[in-house]
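Q: after the sequence you'll find the predicted model.
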Amino acid sequence: IFKFLGAISVDLGQDRIKPYLPTILTPLYRELNSNYAEQDPTLKNLSQEIIELLKKLVGLEAFSLAFSSVQKQANQKRAVRKKQRALQTVANPDIAARRKLKRHKNKAETRKRKIESLRPMYKAKRHRSHALKDLAMVE
């Protein structure tokens, strides 16, 4: 898709690409700023190359305006999601408690995996099932 976006950008030319610049930059920006563990470095390099191509194609000023608008929009979405998550903890404490228990359980499992990788002789105890009953609130 990134190659397609780059090809369309070159094909449309400088004047016709400007209205579509924020739409094109959104997935490129998302890929550049993602911090997933299993991220593909070739995608990051490709998105960087296409951004450089767009910068040369439309000029630095128009590119900067579009890029900053995409950046601002992404930050606003992130802030809205964070606010909704905070409101959900107040509105639905049982769901928040379940989510917290699940997060703690996953953290413990990760810690056990890390210990096992560092010390192969050590075997950590693990729960047999990951059912919803394990995540239920204990009274």
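A: Okay, I see it.
Q: and Lys44, what element?
A: helix 41-58 (DSSP states H and E).
Q: actually Tyr29, not the one I wrote
A: Going by DSSP H and E, Tyr29 is part of helix 21-33.
Q: tell me what that helix is packed against?
A: helix 2-17, helix 41-58, helix 60-91 (3 or more CB pairs under 8 Å, 6 or more residues apart in numbering; DSSP states H and E). (C-beta placed from N, C-alpha, C; glycine too.)
Q: switch to 6 Å and redo it
A: In terms of contacts (3 or more CB pairs under 6 Å, 6 or more residues apart in numbering; DSSP states H and E), helix 21-33 is packed against helix 41-58, helix 60-91.
Q: buried residues, the longest one. List them.
A: So the one you mean is helix 60-91. Buried residues in helix 60-91, counting neighbours by 16 or more other CB atoms under 10 Å, are found at 62-63, 66-67, 70.
Q: okay if I get those residues as a markdown table plus distance to Thr23 and pLDDT?
A: What follows is those, written out as a markdown table (distance: CB to CB, whole Å; pLDDT from 0 to 100):
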| residue | distance to Thr23 | pLDDT |
| --- | --- | --- |
| Ala62 | 14 | 93 |
| Phe63 | 14 | 93 |
| Ala66 | 9 | 95 |
| Phe67 | 13 | 95 |
| Val70 | 9 | 96 |
